[in-house]
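Student: could you work out the structure for the sequence below:
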Amino acid sequence: MTPAHAIGIDLGTSGVRAAALSEDGAVLHLAAFAYDDARAGRDPSSWWRGVEFCLVELAGRVSLSSVRGLAVDGTSGTMLAVDKDGRPLGDVLMYNDTCPDMDIVARIGDVAPDGSPARGAASALARAIYLSRRDGVHKVVHQADWILWRLGLGGAASDENNALKTGYDLEAECWPDWLEGVGMDVDLLPQVHRAGAPIAEIGPSGQRFGLSSNVILHAGTTDGCASFLATGAREAGDGVTALGSTLVLKLACPSPISSSVYGVYSHRVLGFWLAGGASNSGGAVIRSLFDAAAFAQLTSALDPDHPTGLDYYPLLRPGERFPINDPTLPPRLVPRPAHDATFFRACSKASRASRNQAMIGSSSSAARRCAPYAPSAEGPPMQAGRGCASARSGFHVSSRARRRRRSARRFWCCRDRSVRHDACRLRGSSSTGVALRHFLHRSVRRAARRSVRLSRRQ
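Tutor: Next comes the predicted model:
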């Protein structure tokens, strides 16, 4: 069999995907495992079954004995409490769950620095504090951290992208002292590494898939950052919107920009910053309203150019993260017309790309609102990191991206045939070239890109 050199594993809302790469970065094989339902997506045992399935499938198609590195990305902000053996204690709290104890959220709001991604009702830190109170807790970890642990890492380790919303200080590269003041025992949090950095050799539980003991487990990233890398975007000024179960917008910047009011934060990846946010609106809402048969039937008859006069904001339940960070924002899906075709058309629009795939369009209302959230005289200020002249200038780039749609390179993805990536190369923006410093980043990138390949097969 063809020897593989690296493996990337992607854990999303709807399932698990994995890619095996050759030494020159070519995709050798792609594997996918879909969760049975939304409840399974909240179950760590389902995550692990998905990883097992994908690795077994890869092992049947390529030689894994030659693999030298493996990395994992997961949903940003999904937290779980585990015992000393890594076994989950109770239910997990997903990335879009609000903290059950709002007093924790209020305490973080009083203590956390302005603009910290740890603030707000959707705070991963608030979820971590809540989970840390369970009996027998040894560590509180992120989804990707737990998968690395199961692969034989031997303990809790994370990457700075997943740790960002849990309060990790990217400049000091440590868990800040103020976490103790809001009730988080930092000893319960994982050790953090830069995304792509080597951590340790794989353990026996990972070797049983045919991987050698020399395989290095690397720090991964979030699924949102992986979707950005999947498009090939890699320079300051590149912008990507990813529409899947939820909607994510990211813009490459030379320095960080953040605002907890608008749900904007910045990840550090490959030597630059990804400013943006993640909405609760997305394809999962449409999947909850229409079954697969209705989706296929209505999509084939979809007329996106025919206006409905309806103004929807699709959400599964009250609460939004971006571009409005409001835990009480209600869904707007009424009035519902008598005909399903009209309702579907109001919730979605057909793509005008060459493959004529359906994509969920009304959810992109969140993305269309990104340009207006630049600071105004009345609104709260954005927080700009060092090296940026002003926060407003950073979002000027976002506004230019919206005006220059004709220059967009479109990448169509398909976990549920409702994902879109738009990568925009902006004229006049900074174009500092960024090399892929870690081969494993290509692996994670390829795993996220598997949706493109699957859409052509389905």
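Student: isn't Pro88 up against Leu80?
Tutor: Yes. With contact defined as CB atoms under 8 Å, Pro88 counts as touching Leu80 (5.2 Å). C-beta coordinates here come from the backbone N, C-alpha and C atoms, glycine included.
Student: now do the shared contacts for the two.
Tutor: Both Pro88 and Leu80 are in contact with Pro44, Trp146, where contact means CB atoms under 8 Å, 6 or more residues apart in numbering.
Student: neighbour-wise, which of the two wins?
Tutor: Leu80 (25 against 17; other CB atoms under 10 Å).
Student: distance of that one relative to Gly220?
Tutor: 16 Å (CB to CB, to the nearest Å).
Student: swap in Ser123?
Tutor: For Ser123, the distance to Gly220 - CB to CB - is 21 Å.
Student: okay, the two: which has more neighbours?
Tutor: Gly220 (35 against 27).
Student: can you pull the contacts of that one?
Tutor: 9, 71-74, 144, 148, 159, 161-162, 195-196, 226, 440, 444.
Student: would you state the helices of the protein in chain order?
Tutor: With DSSP state H, the ranges of helices along the chain come out as 44-61, 102-111, 124-132, 143-148, 160-163, 178-181, 204-207, 223-230, 283-289, 292-300, 340-347, 365-368, 391-403, 439-457.
Student: got the angle between the third one and helix 102-111?
Tutor: Looking back up the chat, that one is helix 124-132. 130 degrees (axes from the mean of the first three to the mean of the last three CA atoms, to 10 degrees).
Student: quick one: contacts of helix 124-132?
Tutor: Counting by CB under 8 Å, 6+ apart, 76-77, 79-81, 89-90, 93, 95, 97, 99-101, 104-105, 108, 112, 117-118, 137, 140, 142, 165-167, 179, 182-185, 188-189 sit against helix 124-132.
Student: in ChimeraX, how would I select the buried members of the residues you listed?
Tutor: To isolate the buried subset of the contacts of helix 124-132 in ChimeraX, counting by 16 or more other CB atoms under 10 Å, use the following:
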select :76,77,79,80,81,89,93,95,97,99,104,105,108,112,117,118,137,140,142,165,166,167,179,182,183,184,188,189
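Student: closest to Asp305 among the contacts of Gly220?
Tutor: Ala226 (33.6 Å; CB to CB).
Student: pLDDT-wise, which helix or strand of the chain ranks last?
Tutor: Of all helical and strand segments in the chain, the minimum by mean pLDDT, DSSP states H and E falls on strand 358-359, at a mean of 26.
Student: run through the protein and note the low-pLDDT ranges.
Tutor: By pLDDT under 70, the low-scoring segments of the chain are 349-458.
Student: which of the contacts of helix 124-132 fall within strands?
Tutor: The members of the contacts of helix 124-132 that map onto strands under DSSP state E are Met79, Leu80, Ala81, Val140, His142.
Student: and the first one, how far from Asp97?
Tutor: To Asp97, Met79 is 9 Å away according to CB to CB.
Student: let me have the ones in strands among the contacts of helix 124-132 in TSV, adding distance to Gly41 as columns.
Tutor: TSV is the format used below for the ones in strands among the contacts of helix 124-132 (distance: CB to CB, whole Å):
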residue	distance to Gly41
Met79	14
Leu80	13
Ala81	18
Val140	20
His142	15
